[in-house]
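Student: Just the structure for this:
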Amino acid sequence: MSSVIRDVRGGTTDEPGAPSSVTPTTPGPARGYSGASPAVPRDPRLLAAEKAEYEARAAADEAAAAKAAADDAVARAAAAKAAADKSKAELEAAREEARAKARAAALQVRMEQEQQLSEAEAVRAQARAVRDQRLGTVHTVATEVEPEVVTVVRRSTDKFAGAFGLFLLRLLLAAFIGIVGWQTMVDRPAVSDALVTVGLPESVVDRLGPVVGVGLIVVAVFLLVGLGTRIVAGLVLIATAVFLAFFRFGPFSPFIEGQFGFYGDRELFIAIIALLFVLVGAGGWSLDARIRHSREAGREEE
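Tutor: Okay, the predicted model is just below:
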């Protein structure tokens, strides 16, 4: 476009690159802005170029104005945000100050009320003293009752000696009952004959023999670990008493000639040991003691 503008201002109308065929005819000051005579109309390409240049300058000015307006808007937004933060901080400080004043006022009111109550109590006490002095009443000073001291004594069966002794007794009793249970399961004919002599029918005896053997083994296991010892020992005591009444003692002398002891002495000792466990429990080396300690710890936490 610059070459075209130069051609027009130089007085040529040829295309760029073509040889110049027209020379200016009128030299001097009569030439116009485009280099032609004022009577000659301006080249449309020059007008389009000038218009495009003017529009470019206007667009640049508008862009600069828009950028300045955007910068101003950003600055105003930052200032507004700072003002909002400042207002928020001032509002929070005012609220905290109001709460502090309210707490101070409430404390002052409570102190004044307590002072008024104490003054009223002092006035009433003084009035009572004056009245008692006039009536001649003598007040006795009440003696303070000392709080009762509760001493928690640990069970002797939880200590080493008691726990170890009861553990040995449980081991002995569990071994004896477990052996009897195993023999009951193995030697079923002897058990069946013994139950038949009591008066039980054979149909019941055939099913009762294995049940008795399994039950004795379960009882032995419970005694060995010390779980539910009082209940299990009570069952052993009842079963031993029944066994002594029906199988060992009868209308005859329990002392047998030529034998030491008496008939049923072993079962009697078993019954006494079972009674001991019913009275004192399994001791410190048992699951019953562990459960008891857990319950006591739970009650102390509550």
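
Student: Which positions in stretch 291-302 come out as buried?
Tutor: Judged by neighbour count (16 or more other Cβ atoms under 10 Å), stretch 291-302 contains these buried residues: residue 292. Quick note: C-beta positions are derived from backbone N, CA and C, even for glycine.

Student: got any ranges where the stretch 201-302 of the chain has weak pLDDT?
Tutor: For the stretch 201-302 of the chain, the stretches with pLDDT under 70 are 203, 250-254, 256-259, 302.

Student: who's in contact with the helix or strand harbouring residue 195?
Tutor: Using DSSP states H and E, residue 195 sits within helix 188-198. Helix 188-198 has contacts (Cβ atoms under 8 Å, 6 or more residues apart in numbering) with 184, 202, 205-206, 208-210, 212-213, 246-247.

Student: where do the helices sit along the stretch 101-250 of the chain?
Tutor: Taking DSSP state H, counting those that start in this stretch as the criterion, the stretch 101-250 of the chain carries its helices at 160-186, 188-198, 202-225, 229-243.

Student: Quick check: which of those is nearest to residue 130?
Tutor: With distances scored as Cβ to Cβ, the stretch of these nearest to residue 130 is helix 160-186 (67.3 Å).

Student: Tell me the confidence at residue 24?
Tutor: Per-residue pLDDT puts residue 24 at 43.

Student: which residues touch the closest residue to residue 287 other than its chain neighbours?
Tutor: Of all residues not flanking residue 287 in the chain, residue 227 sits nearest, at 4.4 Å (Cβ to Cβ, 6 or more residues apart in numbering). By Cβ under 8 Å, 6+ apart, the contact set of residue 227 is 286-288.

Student: And the pLDDT for residue 41?
Tutor: For residue 41, the model assigns a pLDDT of 64.

Student: Please apply the same query to the one 10 residues further on.
Tutor: pLDDT recorded at residue 51 is 88.

Student: ditto for residue 125
Tutor: 88.

Student: Report the separation between it and residue 119.
Tutor: Counting by Cβ to Cβ, to the nearest Å, the separation of residue 125 from residue 119 is 11 Å.

Student: any low-confidence regions in the stretch 1-150 of the chain?
Tutor: For the stretch 1-150 of the chain, applying pLDDT under 70 flags the ranges 1-42, 137-150.

Student: can you pull out the strands in it?
Tutor: With DSSP state E, counting those that start in this stretch as the criterion, the stretch 1-150 of the chain has no strands.

Student: Around residue 269, how many other residues sit close by?
Tutor: 14 (other Cβ atoms under 10 Å).

Student: Which of the helices or strands spans it?
Tutor: Secondary structure (DSSP H and E) places residue 269 in helix 265-280.

Student: Quick one: list the elements packing against that helix.
Tutor: Under the contact definition 3 or more Cβ pairs under 8 Å, 6 or more residues apart in numbering; DSSP states H and E, helix 265-280 sits against helix 160-186, helix 229-243.

Student: Turn these into CSV, including distance to residue 61 and mean neighbour count.
Tutor: Formatted as CSV, those follow (distance: least, Cβ to Cβ, whole Å; neighbours: other Cβ atoms under 10 Å):
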stretch, distance to residue 61, mean neighbour count
helix 160-186, 104, 16
helix 229-243, 105, 18
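
Student: what would those look like in JSON lines with distance to residue 92?
Tutor: JSON lines is the format used below for the helices and strands packed on helix 265-280 (distance: least, Cβ to Cβ, whole Å):
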{"stretch": "helix 160-186", "distance to residue 92": "66"}
{"stretch": "helix 229-243", "distance to residue 92": "68"}
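
Student: closest one to residue 129 among those?
Tutor: Nearest of the helices and strands packed on helix 265-280 to residue 129, taken as Cβ to Cβ: helix 160-186 at 62.3 Å.

Student: Could you list every helix and strand that that closest one packs against?
Tutor: helix 202-225, helix 229-243, helix 265-280.

Student: Turn those into a markdown table, columns for distance to residue 104.
Tutor: Converted to a markdown table, the helices and strands packed on helix 160-186 look like this (distance: least, Cβ to Cβ, whole Å):
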| stretch | distance to residue 104 |
| --- | --- |
| helix 202-225 | 67 |
| helix 229-243 | 65 |
| helix 265-280 | 66 |
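
Student: who wins for proximity to residue 134 among the ones you listed?
Tutor: Short answer: helix 265-280, nearest of those by Cβ to Cβ, at 67.7 Å.
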